[in-house]
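Visitor: give me a model of this one.
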Amino acid sequence: LPLAFSTNGRLLELFVLAGNRVEAGELIATLDDEAIQDTLVDAELAVRQAQNSLAQAQLSLENVLNWAPDQTAVAQAEAGLAAAEASLENAQSQDSAAGYSVTSAKVQLEQAQQALVDAQEAYATAFDPGRDWEQFIDDPSCRTAEQFPNCTGPPYSDVIKADREAAENFIPNAQDQLRVAQANYNLAIAGMNNNSAVGAEANIAGARQALEQAFSGPAADDITGARLQVEAAELALEQAQFLQEKAEKAIEDTRLIAPAGGTVLTVDSVPGSLAGAGAPFITLLDTENLHFETNNLSERDLAQITPGQAVSITLKAYPNETVDGRV
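Guide: The predicted structure is shown next:
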């Protein structure tokens, strides 16, 4: 039996010498398998990872197929909806109060604006050039419902003087009041958050959606996707297992095992040398299971020979000795 490795490599260990007796299954020689061992470790890790991924995918599919409402999630969603509704009511109250403040401030602003217009008109009336003559008249002015010359009011000169002094004071006062009213209006506008109710309504919509999701089961697409994830994980596991088996086979190929018991006739290599795939470097002789072929069997005797038949074999070199055998 010529023995050889089925793969290329560097001979690492040789456990037999010429003349040694070996038994079937005995390790004869090994190749350097360091790189292949690393590949096997990576393949084993990939298999474990693929197994974990498959387990997770199967669990996800099981959860999808056996879905039931989570009471905790439902309770949380209901509490969230109640809180959102309360926030909306509060926001609406705040917006209503802010709207009233804005309305009041707007009325005061319009009154201040009108007061300034009135003050300006009074100033224009008081300083009308057509009334300049009144400064030089000391005759009594006419009161309401009185007619000249039966007038009993203060002198015209005093009236126009008082009117002009009052008009000069009215405009600054009206301007100050207008600035105050404008500032109050701006503060009211700034304090009014029209988006509070809008935001609260958006929160309610989100809370209602969360509550619906808590009660709604997985869609058909979700189930299909979960099944596809399982199939993909199964394929990944098969591929990882194939690579692991391939690495294990490569490890086996670095070990030369005696196929049968016998005696080592020749050893044609030493550790450290390169071994080629299929290139014999050890010859093993099986001395227990001998195989003989004859070339002098007549065809007329074939009918008398059957498989399993016991025979006696005589060798030309040893004519006086027979060897028992079986067809």
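Visitor: please identify the helix or strand for residue 322.
Guide: Per DSSP states H and E: residue 322 is located in strand 318-326.
Visitor: which strands and helices sit next to that strand?
Guide: In terms of contacts (3 or more C-beta pairs under 8 Å, 6 or more residues apart in numbering; DSSP states H and E), strand 318-326 is packed against strand 310-315. C-betas here are computed from N, CA, C, even on glycine.
Visitor: quick one: the strand it packs on to chain centroid distance?
Guide: A distance of 79 Å separates the centroid of the chain from that of strand 310-315, by C-alpha atoms, centre = their mean, to the nearest Å.
Visitor: mean confidence for it?
Guide: The average pLDDT within strand 310-315 is 90.
Visitor: direction included, what does it pair up with?
Guide: With DSSP bridges as the test, strand 310-315 is paired with strand 318-326 (antiparallel).
Visitor: could I get the buried residue list for the strand holding residue 322?
Guide: Judged by neighbour count (16 or more other C-beta atoms under 10 Å), strand 318-326 contains no buried residues.
Visitor: so what touches it?
Guide: The contact list for strand 318-326 (C-beta atoms under 8 Å, 6 or more residues apart in numbering) reads 290, 292, 308-315.
Visitor: hmm, try it at 7 Å
Guide: Contacts with strand 318-326, where a contact means C-beta atoms under 7 Å, 6 or more residues apart in numbering, come from 292, 308-314.
Visitor: what is the rounded mean pLDDT of that strand?
Guide: 90.
Visitor: longest helix in the protein, please.
Guide: Using DSSP state H, we find that the single longest helix of the chain is helix 71-126.
Visitor: and the helix or strand just after that one with helix 71-126, angle?
Guide: Going down the chain from helix 71-126, the next helix or strand is helix 156-191, by DSSP H and E. Angle, helix 156-191 to helix 71-126, by axes from the mean of the first three to the mean of the last three C-alpha atoms, to 10 degrees: 170 degrees.
Visitor: what mean pLDDT does helix 156-191 get?
Guide: 83.
Visitor: which member of the contacts of strand 318-326 is positioned nearest residue 164?
Guide: Closest approach to residue 164 among these (C-beta to C-beta): residue 308, at 151.1 Å.
Visitor: got the contact list for that closest one?
Guide: Applying C-beta under 7 Å, 6+ apart, the residues near residue 308 are 326-327.
Visitor: max pairwise distance over the contacts of strand 318-326: which two?
Guide: Across the contacts of strand 318-326, the longest distance by C-beta to C-beta is 20.4 Å; it joins 308 and 314.
Visitor: now for this structure, the helix or strand with the poorest mean pLDDT.
Guide: For the chain, counting by mean pLDDT, DSSP states H and E, helix 195-215 ranks last in confidence among helices and strands (a mean of 68).
Visitor: next helix or strand past that one?
Guide: Downstream of helix 195-215, the next assigned helix or strand under DSSP H and E is helix 220-253.
Visitor: which helices and strands does that following helix pack with?
Guide: Applying 3 or more C-beta pairs under 7 Å, 6 or more residues apart in numbering; DSSP states H and E, one finds that helix 220-253 contacts helix 34-65.
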